[in-house]
Structure formats: C-alpha cells, structure tokens
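K.L.:
pasting the sequence and the predicted coordinates here, then a few questions.
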Amino acid sequence: MAEVMKYTDVKALDAGAIDAKVSEIKREIFNMKMEKATSGLEKPHRLKVLKKNIARLLTAKAATK
C-alpha cells in the first residue's frame, strides 16, 4: 500500500471512502512505528510516503466541500 497516490485518483473518491482510507493508512503508520521501535524497519521511507498520501486525501476532501 505504500505507493504514492495520485491526486487525480484521490479526487474520484467520496468523503466516506476518503475517511476509510485515512484511518487505514493511520493504522498502518502506527504499526510501522511499533515495528520501528522494536526491530527496525526494512523500508523506512514508506512512513514519509504514507504521510504524504494522508495529506493528499485530506486536501481532496477539503476541496470537495
């Protein structure tokens, strides 16, 4: 799931889908932080990608209001 989401794909989602996606990504970030604290991450750059995806989702949600 750590691929970069395109804004054009995000714009097509409705508010409910955006909320679900944001909560899913936040859960994944939490799990990655726990893994980082215990054993280290194999791909630490994924945290940055996930945070940027959340920003894209929330921007698209705000733009639809």
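P.N.:
Sure thing, it's come through.

K.L.:
hey, let's count contacts and neighbours off CA atoms from now on
P.N.:
OK.

K.L.:
Ile54 - how many residues pack around it?
P.N.:
When counting by other CA atoms under 10 Å, one arrives at 20 neighbours for Ile54.

K.L.:
which stretches of the chain form helices?
P.N.:
7-11, 15-38, 45-64 (DSSP state H).

K.L.:
could I get those helices in TSV, plus columns for mean pLDDT?
P.N.:
Converted to TSV, these look like this (pLDDT from 0 to 100):
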stretch	mean pLDDT
helix 7-11	91
helix 15-38	96
helix 45-64	94
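
K.L.:
most neighbours per residue, which of those?
P.N.:
Stretch with highest mean neighbour count among the helices of the chain: helix 45-64 (a mean of 16; mean count of other CA atoms under 10 Å).

K.L.:
from Leu57, how far out is Lys26?
P.N.:
The gap separating Lys26 from Leu57 is 12 Å, by CA to CA, to the nearest Å.

K.L.:
for Leu47, same thing?
P.N.:
Noted for Leu47: a distance of 15 Å to Leu57, by CA to CA.

K.L.:
what of Val22?
P.N.:
7 Å.

K.L.:
Thr8 now?
P.N.:
Thr8 is 11 Å from Leu57, by CA to CA.

K.L.:
just Met34 next, same as before
P.N.:
Taken as CA to CA, the span from Met34 to Leu57 is 24 Å.

K.L.:
ok, now Lys11?
P.N.:
Taken as CA to CA, the span from Lys11 to Leu57 is 8 Å.

K.L.:
next one: Glu3
P.N.:
Glu3 is 14 Å from Leu57, by CA to CA.
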